[in-house]
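Engineer: I would like to see how this sequence folds:
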Amino acid sequence: MAAPAVLLLALAQAPFQCASDPDPNRRLEDSAPEALWNLSQEFEARGDHQARDVTLRHLVERYPRSRYARRAELVLAGETPEEPGPPEEARAPAEAPAAP
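Structural biologist: This is a model prediction of the structure:
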């Protein structure tokens, strides 16, 4: 009878972990799409455009819903993407403009 009570007590003391997206400002590691984006930028800086393009195409194919996928598509199309900001859900809501 003591074993179930000890098990119950141990489980009650265990930390609760909720599934949630990590705060990008507090992460210890890059996400896979971010790492691929950074790798493509390294290839670009070295002048290896073929490796950059292969990396960007892989990013788009493997992580199509990533914010980096849209940036990769723009680069592959010859356009200049904007600098990435925090994920949409991490951004503070914009304030409404003051009424005139």
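Engineer: Which SSE is immediately downstream of the least confident helix or strand in the chain by mean pLDDT?
Structural biologist: Least confident element among the helices and strands of the chain, by mean pLDDT, DSSP states H and E: helix 2-13 (a mean of 67). Sequence-wise, the next helix or strand downstream of helix 2-13 (DSSP states H and E) is helix 32-45.
Engineer: Tell me which residues of that next one come out buried.
Structural biologist: Residues of helix 32-45 classed as buried: 33-34, 36-37, 39-40, 43-44 (neighbour count, 16 or more other C-beta atoms under 10 Å). For every residue, glycine as well, the C-beta is placed using N, CA and C.
Engineer: Equivalent analysis for stretch 43-61, please.
Structural biologist: Taking 16+ other C-beta under 10 Å as the basis for neighbour counts, the residues of stretch 43-61 that come out buried are 43-44, 52-53, 55-56, 59-60.
Engineer: Show me which of those residues is closest to residue 67.
Structural biologist: Comparing those against residue 67 with C-beta to C-beta picks out residue 59 as the nearest, at 10.9 Å.
Engineer: What are the neighbouring residues in contact with the closest one?
Structural biologist: Residues touching residue 59, when contacts are defined by C-beta atoms under 8 Å, 6 or more residues apart in numbering, comprise 33, 36-37, 40, 66, 68-69, 72.
Engineer: May I see these organised as CSV, with pLDDT added?
Structural biologist: As requested, the contacts of residue 59 are arranged in CSV below (pLDDT from 0 to 100):
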residue, pLDDT
33, 95
36, 96
37, 95
40, 97
66, 94
68, 94
69, 95
72, 96
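Engineer: Which two among the residues you listed are spaced furthest apart?
Structural biologist: Across the contacts of residue 59, the longest distance by C-beta to C-beta is 12.7 Å; it joins 40 and 66.
Engineer: For residue 55, give its distance to residue 29.
Structural biologist: 18 Å (C-beta to C-beta, to the nearest Å).
Engineer: do residue 52 as well
Structural biologist: In this structure, residue 52 lies at 22 Å from residue 29, with C-beta to C-beta as the measure.
Engineer: next one: phi and psi at the residue lying closest to residue 31 once chain neighbours are set aside?
Structural biologist: Distances taken as C-beta to C-beta, 6 or more residues apart in numbering put residue 66 closest to residue 31, at 7.7 Å, once the chain neighbours are dropped. According to degrees, to the nearest 10, the main-chain angles of residue 66 amount to phi -70, psi 150.
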